[in-house]
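**Student:** below is the sequence, then the predicted model.
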Number of protein chains: 2
Amino acid sequence: MTKSATRIQKKNHAVILAAGLQVFSQFGFRGSTLDQIAAEAGLSKPNILYYFSSKDAIYQALLKQLLEDWLEPIYNIDPDGNPVDEIVAYANRKLAMSRDFPRESRLFANEVIQGAPRIGDALSGELRDVVGKIASIIEGWVRAERILPVNGHHLIFSIWSITQHYADFEAQVRAVLPGTDPFDEAQIHLEAMLRRTLSVPNS
Amino acid sequence: MTKSATRIQKKNHAVILAAGLQVFSQFGFRGSTLDQIAAEAGLSKPNILYYFSSKDAIYQALLKQLLEDWLEPIYNIDPDGNPVDEIVAYANRKLAMSRDFPRESRLFANEVIQGAPRIGDALSGELRDVVGKIASIIEGWVRAERILPVNGHHLIFSIWSITQHYADFEAQVRAVLPGTDPFDEAQIHLEAMLRRTLSVPNS
DNA sequence: AAATAATTTGACCAACTGGTAAAACGAAGG
DNA sequence: CCTTCGTTTTACCAGTTGGTCAAATTATTT
């Protein structure tokens, strides 16, 4: 019997989440204020609390929506495809997400760095399961000698860390490489690194 | 004519910095409070402000001290050594720092993720110079065909991101790999990845 | 247009924030 | 013992924080 949301509700709901993403990704949960989010959203603070019951509720809604989008590219890994190409393609999708959704990446990074106090359950639940499954596929490829020996979990960590680095540490990357868009070079570098790490030499 | 610091001054100075590291690395600058730092240090808040003029001063002192330690291992790269071994050894030193000083890593990560508002100058100054120098060495090795073609800057980014990942995203790593110490496996994985990426096949 | 429901606002609050001032305390030398 | 200097505490402040509430405003229905 839930009433369908009004047009205004839908709009403001989205506006608030967008503002929350902008602010939370920059300052983390404790460093962000409702006033900042309200200003960013162009609404008054009490009006924001009319749509979300608390600051925490906004943050939780963002994290929940985020985790799904975040894990999605991993489902596109095809166990029956060419192993190296599948892994390279996954890395490229992940790198593109860092390019196109850096704030989402930073929101997640802020949360995890601070010990994942509000998302720890999801990490040791859904995330752990998904990673375990992909790691199994990778190590199946290793046993079949279709790629060189590699630790599945740590390979995934490597791909995540490298790709997310360009979003999370954007300030550092830009300071070191001023004036250039790093993503094209990063893609070339990462693909070369993965192919050399994984490809079985045609003996 | 600066009076040499008292024994008590030295001790409390260090105690406050240690407490600041603990708190700032967990909550970032804006998310941390002087009361938290005071509690962690076992001192009263005004007493803390007797040794540091402000919350900001504690943070700045930490960052300054940190950046030196952080860049130090990179100076040990020997341009005349074996290229692959030099890079692997550097990566191992960096990984050991993530294992032994995870809070320092997270403090730095928090600062950079939030746009490096208080350390941006150092990034585009000293950091950029050092990275440029090492990248030149790496690409010199490439030109001499002592390692396979690789982008120096992005190789360094890769090493940084992978090694720091185990400190910064410790909560995620532990959630995915519960009960195990990830660093031994990480070291093996990273070394294999680097050797395959860089070693010239003995044709 | 009147009635009703949804939305927005202004005024407000208690708790907390970084920081201050002055008094009290402590140790060391005279 | 007394003074002096370094240290610590108590009391306090103005500004900010997340959040509440009732009134005012706007949309929607009848």
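**Tutor:** Yep, that arrived. A quick note: this is a predicted structure, and the numbers were derived from the prediction, not measured.
**Student:** other SSEs contacting the longest helix along chain A?
**Tutor:** What stands out as the longest helix in chain A, according to DSSP state H, is helix A:7-31. Counting contacts by 3 or more C-beta pairs under 8 Å, 6 or more residues apart in numbering or on different chains; DSSP states H and E, helix A:7-31 packs against helix A:34-41, helix A:45-51, helix A:55-75, helix A:102-113, helix B:7-31. Any C-beta I mention is one placed from the backbone N, CA and C, and that applies to glycine too.
**Student:** any buried residues in whichever helix or strand comes after the fourth one, and which?
**Tutor:** From helix A:102-113 onward toward the C-terminus, using DSSP states H and E, the following helix or strand is helix A:120-122. Neighbour counts over helix A:120-122 (16 or more other C-beta atoms under 10 Å in any protein chain shown) mark A:Gly120, A:Ala122 as buried.
**Student:** any part of helix A:120-122 near chain B?
**Tutor:** Yes. Residues of helix A:120-122 contacting chain B under C-beta under 8 Å from any C-beta of the partner chain: A:Gly120.
**Student:** can you list contacts of that helix?
**Tutor:** A:Leu63, A:Leu67, B:Ala171, B:Ala175 (C-beta atoms under 8 Å, 6 or more residues apart in numbering or on different chains).
**Student:** quick one on the thing from earlier: and the angle from the longest helix of chain A to helix A:55-75?
**Tutor:** 90 degrees (axes from the mean of the first three to the mean of the last three C-alpha atoms, to 10 degrees).
**Student:** got the angle for the helix or strand encompassing A:Val88 vs helix A:55-75?
**Tutor:** Under the criterion of DSSP H and E, A:Val88 resides in helix A:83-100. Helix A:83-100 and helix A:55-75 meet at an angle of 150 degrees, taking the same axes, to 10 degrees as the criterion.
**Student:** okay, the angle between helix A:83-100 and helix A:102-113?
**Tutor:** Here the directions of helix A:83-100 and helix A:102-113 differ by 100 degrees (the same axes, to 10 degrees).
**Student:** what helices or strands is helix A:83-100 leaning on?
**Tutor:** Against helix A:83-100 (3+ C-beta pairs under 8 Å, 6+ apart) you get helix A:55-75, helix A:102-113, helix A:128-143, helix A:152-168, helix A:182-198.
**Student:** CA atoms of it as PDB?
**Tutor:** Output of helix A:83-100 as PDB, limited to C-alpha atoms (Å, rounded to 0.1, in the frame of the first residue of the first chain):
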ATOM      1  CA  PRO A  83      40.900 -15.600 -20.100                       C
ATOM      2  CA  VAL A  84      43.300 -12.800 -20.800                       C
ATOM      3  CA  ASP A  85      40.800 -10.800 -22.800                       C
ATOM      4  CA  GLU A  86      38.200 -11.200 -20.200                       C
ATOM      5  CA  ILE A  87      40.400  -9.900 -17.400                       C
ATOM      6  CA  VAL A  88      41.700  -7.000 -19.600                       C
ATOM      7  CA  ALA A  89      38.200  -6.100 -20.600                       C
ATOM      8  CA  TYR A  90      37.100  -6.100 -16.900                       C
ATOM      9  CA  ALA A  91      40.100  -3.900 -16.000                       C
ATOM     10  CA  ASN A  92      39.100  -1.500 -18.800                       C
ATOM     11  CA  ARG A  93      35.500  -1.300 -17.600                       C
ATOM     12  CA  LYS A  94      36.800  -0.600 -14.100                       C
ATOM     13  CA  LEU A  95      39.100   2.100 -15.300                       C
ATOM     14  CA  ALA A  96      36.300   3.700 -17.300                       C
ATOM     15  CA  MET A  97      34.300   3.800 -14.100                       C
ATOM     16  CA  SER A  98      37.100   5.700 -12.300                       C
ATOM     17  CA  ARG A  99      37.100   8.100 -15.200                       C
ATOM     18  CA  ASP A 100      33.300   8.600 -15.400                       C
END
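**Student:** what's that helix in contact with?
**Tutor:** Contacts of helix A:83-100 (C-beta under 8 Å, 6+ apart): A:70, A:73-74, A:76-78, A:104-105, A:138, A:141, A:146-147, A:155, A:159-160, A:162-167, A:183, A:186-187, A:190-191, A:194-195, A:198-199.
**Student:** now list the buried members of those.
**Tutor:** Buried among the contacts of helix A:83-100 (16+ other C-beta under 10 Å): A:70, A:73-74, A:77, A:104-105, A:138, A:141, A:147, A:155, A:159-160, A:162-167, A:183, A:186-187, A:190-191, A:194, A:198.
**Student:** residues of chain A that sit close to DNA strand D?
**Tutor:** Contact residues, chain A versus DNA strand D (C-beta under 7 Å from any atom of the strand): A:6-8, A:32-35, A:45-46, A:49, A:53-56.
**Student:** looking at those, which has the smallest pLDDT value?
**Tutor:** pLDDT across the residues of chain A next to DNA strand D is lowest for A:Thr6, at 76.
**Student:** adding distance to B:Leu95, write the helices and strands packed on helix A:83-100 out as TSV.
**Tutor:** TSV is the format used below for the helices and strands packed on helix A:83-100 (distance: least, C-beta to C-beta, whole Å):
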stretch	distance to B:Leu95
helix A:55-75	25
helix A:102-113	18
helix A:128-143	20
helix A:152-168	11
helix A:182-198	17
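**Student:** just put these in TSV and tack on distance to chain B.
**Tutor:** Converted to TSV, the helices and strands packed on helix A:83-100 look like this (distance: least, C-beta to the nearest C-beta, whole Å):
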stretch	distance to chain B
helix A:55-75	11
helix A:102-113	5
helix A:128-143	5
helix A:152-168	4
helix A:182-198	4
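**Student:** and of the ones you listed, who's closest to B:Ile16?
**Tutor:** Of all these, it is helix A:102-113 that lies closest to B:Ile16, at 22.4 Å by C-beta to C-beta.
**Student:** CA atoms of the closest one as PDB?
**Tutor:** Extracted C-alpha coordinates of helix A:102-113, given in PDB (Å, rounded to 0.1, in the frame of the first residue of the first chain):
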ATOM      1  CA  PRO A 102      35.300   9.500  -9.700                       C
ATOM      2  CA  ARG A 103      33.000  10.800  -6.900                       C
ATOM      3  CA  GLU A 104      31.400   7.500  -6.400                       C
ATOM      4  CA  SER A 105      34.800   5.900  -6.200                       C
ATOM      5  CA  ARG A 106      35.900   8.500  -3.600                       C
ATOM      6  CA  LEU A 107      32.800   8.100  -1.500                       C
ATOM      7  CA  PHE A 108      33.500   4.400  -1.300                       C
ATOM      8  CA  ALA A 109      37.200   5.000  -0.600                       C
ATOM      9  CA  ASN A 110      36.400   7.400   2.200                       C
ATOM     10  CA  GLU A 111      34.100   4.800   3.800                       C
ATOM     11  CA  VAL A 112      36.600   1.900   3.500                       C
ATOM     12  CA  ILE A 113      39.600   3.900   4.600                       C
END
